[in-house]
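J.: give me the fold of what follows.
(one chain, ligands or ions: 1)
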Amino acid sequence: MTAIPASMRYIEITVPGGPEVLRVATGPVPRPGNGEVLVRTVAAGLNRADLLQRQGFYPPPPGASPIPGMELSGHIAELGPGTTSRWKVGDAVCALLGGGGYAEFCVVPEGQCMVVPAGVSVRDAAALPEAVITVWANLLEPRRLFPGDLFMVQGGSSGIGTTAIQLARAFGARVATTAGSDEKCGVCLSLGAELAVNYRTRDWEAELVRWSEPHGIDAILDMVGGDYFPRHIHLLATGGRLVHIATPHGNQVMVDLRAVMMKRLLITGSTLRSRSVKEKSSLARSVEQEVWPLFANGQLRPVIDRIFPLEQAAEAHRWMEMGNHTGKIVLQVL
Ligand SMILES: NC(=O)c1ccc[n+]([C@@H]2O[C@H](COP(=O)([O-])OP(=O)(O)OC[C@H]3O[C@@H](n4cnc5c(N)ncnc54)[C@H](OP(=O)(O)O)[C@@H]3O)[C@@H](O)[C@H]2O)c1
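T.: Purely as a prediction, here's the structure:
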């Protein structure tokens, strides 16, 4: 293992604004604190929240690095004081972060590191932590999806959507989804969705009613909110579950409580970044145990749209803003 240098390259948000505010900077390599490890980054995954952070709308949680980047893959470069014997220098890992992934080195609580799943390259593993843990934490760990369920995920071609389609199929659900072009719908079908509706050209609600009648949909993972909310309430079956993870169409909605009672609905949601290190570490352990084997047996694969070098972080953000991607966008650091 090569020595740790004194300084590293990273991406700085110079001022809140458009992609052009992202600049390559040089600064000291961070030192791992108690229970933390230092990771030499191979690649970092892009997330929509990174765009909001760059615009100044989504500050990192207290104590997190101001450098953007909520997930990475790489090799353990140094163990901080008080770490367990789980990791040794040189181990390949992928990790969920509070921030700091767009950098050559990053400090991570050791519990938030995961082994790289068998059959996945170290680079491609950077695309996994945020999407897999989000889907796991919202649908599977709290048991909101069951074998045989009719499941719908909005935005099936997103990083989250491509993961949710594959995971729901692997856990025995039937899957329908929406996407913004016929090409993206084709990718969703190839990942195991039975139905993929182009929401820009078709009446997705009517198609979902036809697909799920007379039973209705058992579980919906939503990243739209606003005007989609009453349509989801309409589509859900008795005992249905509606899980929110993003609200670009608005977070204030009118709830028909009578429909909630009559159908005995569960309406919930969560955010991952704000959870404690303990919670994130616990989710990471369950994912290693329950989800990683699905990569080895071919039921799950990373869906990566494009890989940009670290110094082209601004282009990568522009590419995500254009919305033509399918799956994840990754920054290659090493
Ligand atoms: N709560 C949490 O813990 C958590 C964790 C991770 C991510 N998220 C959120 O989950 C969302 C997906 O994340 P990502 O990183 O995978 O982002 P992404 O790849 O940019 O995906 C955004 C998706 O939203 C879809 N979309 C936009 N408007 C839509 C509409 N009217 N109907 C249906 N779909 C629509 C887009 O579809 P088209 O491109 O096909 O138009 C796209 O697939 C983001 O909003 C992100 O912030 C939340």
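J.: show me where the chain has its helices.
T.: 48-55, 129-135, 159-170, 182-190, 204-212, 228-235, 257-263, 277-290, 293-296, 313-322 (DSSP state H).
J.: how about the residue nearest the centre of the chain: what's its closest non-neighbour residue?
T.: Note on the chain: the residue nearest the mean C-alpha position is Ala131, at 2.3 Å, using C-alpha atoms, centre = their mean. Closest residue to Ala131 apart from its sequence neighbours, by C-beta to C-beta, 6 or more residues apart in numbering: Thr163 at 4.1 Å. Bear in mind the C-beta positions are built from the backbone N, C-alpha and C, glycine included.
J.: so that neighbour sits against Ala137, correct?
T.: No - between Thr163 and Ala137 there is no contact under C-beta atoms under 8 Å: 11.9 Å.
J.: these two - which one has more neighbours?
T.: Between Thr163 and Ala137, counted using other C-beta atoms under 10 Å, Thr163 has the larger neighbour count: 27 against 22.
J.: measure that one to Leu300 for me?
T.: According to C-beta to C-beta, to the nearest Å, Thr163 and Leu300 sit 8 Å apart.
J.: stretch 298-317 and the ligand, any residue contact?
T.: No - using C-beta under 6 Å from any ligand atom, stretch 298-317 stays clear of the ligand, with a minimum separation of 8.5 Å.
J.: can you offset everything so residue one is 407?
T.: OK, 407 is where the count begins now, so the last one is stretch 704-723.
J.: and that stretch, what's buried?
T.: Of all the residues in stretch 704-723, those buried under the rule 16 or more other C-beta atoms under 10 Å are 706-714, 716, 718-720, 722-723.
J.: alpha carbons of that stretch, as PDB, please.
T.: Extracted C-alpha coordinates of stretch 704-723, given in PDB (Å, rounded to 0.1, in the frame of the first residue of the first chain):
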ATOM      1  CA  GLY A 704     -27.100 -12.400 -10.800                       C
ATOM      2  CA  GLN A 705     -30.400 -11.200  -9.400                       C
ATOM      3  CA  LEU A 706     -29.000  -7.700  -8.900                       C
ATOM      4  CA  ARG A 707     -26.400  -5.700 -10.900                       C
ATOM      5  CA  PRO A 708     -25.300  -2.100 -10.700                       C
ATOM      6  CA  VAL A 709     -26.900   0.000 -13.400                       C
ATOM      7  CA  ILE A 710     -24.300   2.700 -14.400                       C
ATOM      8  CA  ASP A 711     -25.100   5.300 -17.000                       C
ATOM      9  CA  ARG A 712     -21.800   7.200 -17.300                       C
ATOM     10  CA  ILE A 713     -18.500   7.600 -15.600                       C
ATOM     11  CA  PHE A 714     -16.800  11.000 -15.400                       C
ATOM     12  CA  PRO A 715     -13.300  11.700 -14.100                       C
ATOM     13  CA  LEU A 716     -13.300  13.600 -10.800                       C
ATOM     14  CA  GLU A 717     -12.100  16.800 -12.400                       C
ATOM     15  CA  GLN A 718     -15.300  16.800 -14.600                       C
ATOM     16  CA  ALA A 719     -17.600  16.900 -11.600                       C
ATOM     17  CA  ALA A 720     -19.400  20.000 -13.100                       C
ATOM     18  CA  GLU A 721     -20.100  18.100 -16.300                       C
ATOM     19  CA  ALA A 722     -21.400  15.100 -14.300                       C
ATOM     20  CA  HIS A 723     -23.800  17.500 -12.400                       C
END
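J.: same question for it, mean pLDDT?
T.: The predicted model assigns stretch 704-723 a mean pLDDT of 98.
J.: kindly report the same for stretch 547-560.
T.: Mean predicted confidence for stretch 547-560 is 97.
J.: what does the stretch 507-656 of the chain put close to the ligand?
T.: Residues of the stretch 507-656 of the chain found near the ligand (C-beta under 6 Å from any ligand atom) are 536, 540, 560-561, 563-567, 584-586, 590, 605, 629-630, 651-652.
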